[in-house]
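J.: I'll drop the sequence and a predicted model, then ask my questions.
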Amino acid sequence: MGIVGIVLIVAAVVVVMIIGIYNGLVQKRNAYKNAFAQIDVQLKRRYDLIPNLVETAKGYMKHERETLEAVINARNAAYSANSNAVANPGDPGAMKALAGAEGQLNSALSRLLVTFEAYPDLKANQNMLALQEELTSTENKIAFARQAYNDAVTAYNNGRETFPQNIVAGMLGFQPAALLEIENKEERVAPKVSF
């Protein structure tokens, strides 16, 4: 039993260790995918609110057609970028495209909400007030979901980069996941929705 037994025991320990590392990496990968799914839920909620916001504003803002169209175009671009990100959460290209599209949407929404100030009747409209409250709530939920996603991605990336997990991750094709970060300072500010 001497050497052969020792080799078999070492091989068994290595196999069990690899299985444990693999399972841990899969759990962490699934955690960040689940966290992204929570972002997706909130983004879809936001995308659904925007057309209602624009429709409510249309009647009051007849001279702001360009601003309203910019919001709808930015919403459609963000929706498309989100669909691509949902197909492959963690992909650096998809996360960068989503962050850029969301930044453009935030910017367009900010411009729209600033123009509301010029329309006192619109500011007093109960539907508009309710939509703004929903949008504010959704923005907060998106921020929390983004933080949870980035935390899960960080845990996954740390797990795949530390020794000896990095060896197993490399052998089994575990790719790094990208954080969902907003790149410029202007995009880091959520649209202001207060009157």
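T.: Happy to help now that I have it.
J.: which secondary structure elements does the longest helix belonging to the chain contact?
T.: When the chain is parsed with DSSP state H, its longest helix is helix 2-58. Counting contacts by 3 or more Cβ pairs under 8 Å, 6 or more residues apart in numbering; DSSP states H and E, helix 2-58 is packed against helix 65-87, helix 92-116, helix 126-161, helix 165-172. Quick note: C-beta positions are derived from backbone N, CA and C, even for glycine.
J.: Repeat the analysis, applying 6 Å as the threshold.
T.: Applying 3 or more Cβ pairs under 6 Å, 6 or more residues apart in numbering; DSSP states H and E, one finds that helix 2-58 makes contact with helix 65-87, helix 126-161, helix 165-172.
J.: Tell me the buried residues in the second one?
T.: Under the neighbour-count criterion of 16 or more other Cβ atoms under 10 Å, helix 126-161 has 128, 131-132, 134-135, 138-139, 141-142, 145-146, 148-150, 152-153, 155-157, 159-160 buried.
J.: cool, and the shortest one?
T.: Of the residues in helix 165-172, those scored as buried under the neighbour-count criterion (16+ other Cβ under 10 Å) are 165, 168, 169.
J.: Repeat that for stretch 4-23.
T.: 18, 21, 22.
J.: Over to stretch 41-56?
T.: Under 16+ other Cβ under 10 Å, the buried positions of stretch 41-56 are 42, 43, 46, 47, 49, 50, 53, 54, 56.
J.: Check stretch 67-86 too.
T.: For stretch 67-86, by 16+ other Cβ under 10 Å, it's 67-68, 70-71, 74-75, 77-79, 81-82, 85-86.
J.: Residues contacting that stretch, please?
T.: Stretch 67-86 has contacts (Cβ atoms under 6 Å, 6 or more residues apart in numbering) with 40, 43, 47, 50, 54, 94, 97-98, 101-102, 104-105, 108, 111-112, 115.
J.: closest to residue 6 among these?
T.: residue 94 (47.9 Å; Cβ to Cβ).
J.: Please report how far the residue lying closest to the closest one once chain neighbours are set aside lies from residue 34.
T.: Among residues not flanking residue 94 along the chain, residue 85 sits closest, at 4.3 Å (Cβ to Cβ, 6 or more residues apart in numbering). Computed with Cβ to Cβ, to the nearest Å, the distance linking residue 85 and residue 34 is 14 Å.
J.: cool, residue 74 as well?
T.: From residue 74 to residue 34 the distance is 27 Å (Cβ to Cβ).
J.: Which of the helices and strands packed on helix 2-58 sits closest to residue 9?
T.: It is, among these and with distance given as Cβ to Cβ, helix 165-172, at 19.8 Å.
J.: Can you pull out the residues in contact with the closest one?
T.: By Cβ under 6 Å, 6+ apart, the list of residues contacting helix 165-172 from outside reads 18, 21, 25, 159, 160.
J.: C-alpha coordinates for the worst-scoring helix or strand of the chain on mean pLDDT, PDB please?
T.: None of the helices or strands of the chain scores lower by mean pLDDT, DSSP states H and E than helix 120-124, at a mean of 78. Extracted C-alpha coordinates of helix 120-124, given in PDB (Å, rounded to 0.1, in the frame of the first residue of the first chain):
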ATOM      1  CA  PRO A 120     -46.700  75.000 -13.500                       C
ATOM      2  CA  ASP A 121     -49.800  73.000 -14.600                       C
ATOM      3  CA  LEU A 122     -47.700  70.000 -15.300                       C
ATOM      4  CA  LYS A 123     -46.000  70.200 -12.000                       C
ATOM      5  CA  ALA A 124     -49.400  70.100 -10.200                       C
END
